[in-house]
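A.B. asks: sequence and predicted structure, then a few things I'm wondering about:
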Amino acid sequence: MAPMAAARLPTKLWFWLILGSLSVFFAEVASGSAPFPFFDAWGLYAVFPLYTLHILVLSYAVVLPGRRARLAALFCAGAVFGLYEAYITKVIWDPTWGERGLAVGGVFLAQTAMLVLYWHPFMAFIVPLMAAELLATSSA
């Protein structure tokens, strides 16, 4: 089988736009945290670029050409994604949902664990990558 030619820059840009949009949709819209991120200034100038850059950089680091991505590597990259997002938005120190339970060093453990160990690895990273690959590429 002949190797596939690299995609041209306009194709890559459209794919990156779709990938970033899917990451924002699954992480922010699905949770109700930011219901309209594509229609307000904060979503367009902060949320969308933040999620797009994170998913592009981390997926580039994890998904190596010619090799299958391992779930553990995808999960860890998603957890790093969650840590960055939680730190930037200060949610680990001032959660906007749920009861404020146990806090260690000012970090609320339940909310941080939910963001870093579940929501962002799956909903902001793994699910958008899978959806983008299934919907926008011919690879498996």
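C.D. replies: Sure thing, it's come through. Residues are numbered from 1 along each chain as shown.
A.B. asks: from Pro128, how far off is Glu99?
C.D. replies: 29 Å (Cβ to Cβ, to the nearest Å). For glycine as for every other residue, the C-beta is placed from the backbone atoms N, C-alpha and C.
A.B. asks: so which of the two has more stuff around it?
C.D. replies: The residue with more neighbours, out of Glu99 and Pro128, is Pro128; 25 against 8, by other Cβ atoms under 10 Å.
A.B. asks: which helix or strand contains that one?
C.D. replies: Under the criterion of DSSP states H and E, Pro128 resides in helix 127-136.
A.B. asks: which residues sit against that helix?
C.D. replies: With contact meaning Cβ atoms under 8 Å, 6 or more residues apart in numbering, helix 127-136 is reached by 15, 18-19, 22-23, 25-27, 55, 59, 63, 74, 139-140.
A.B. asks: moving C-terminal of the biggest helix by length in the chain, what's the next helix or strand?
C.D. replies: As assigned by DSSP state H, the longest helix anywhere in the chain is helix 71-89. Next in sequence after helix 71-89, counting helices and strands by DSSP H and E, comes strand 103-104.
A.B. asks: next one, pLDDT for the residue nearest the centre of the chain please.
C.D. replies: Geometric centre of the chain, nearest residue: Ala124, 3.0 Å, by Cα atoms, centre = their mean. Predicted confidence (pLDDT) for Ala124: 92.
A.B. asks: setting aside sequence neighbours, what's the nearest residue to it?
C.D. replies: In space, and not counting its chain neighbours, Ala124 is closest to Ala27: 3.7 Å by Cβ to Cβ, 6 or more residues apart in numbering.
A.B. asks: selecting buried members of the contacts of helix 127-136 in ChimeraX, what would you type?
C.D. replies: The ChimeraX command for the buried members of those (criterion: 16 or more other Cβ atoms under 10 Å) is given here:
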select :15,18,19,22,23,25,26,27,55,59,63,74
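A.B. asks: mind picking the lowest-pLDDT entry from the contacts of helix 127-136?
C.D. replies: Per-residue pLDDT puts Ala140 lowest of these, at 60.
A.B. asks: cool, thanks, signing off.
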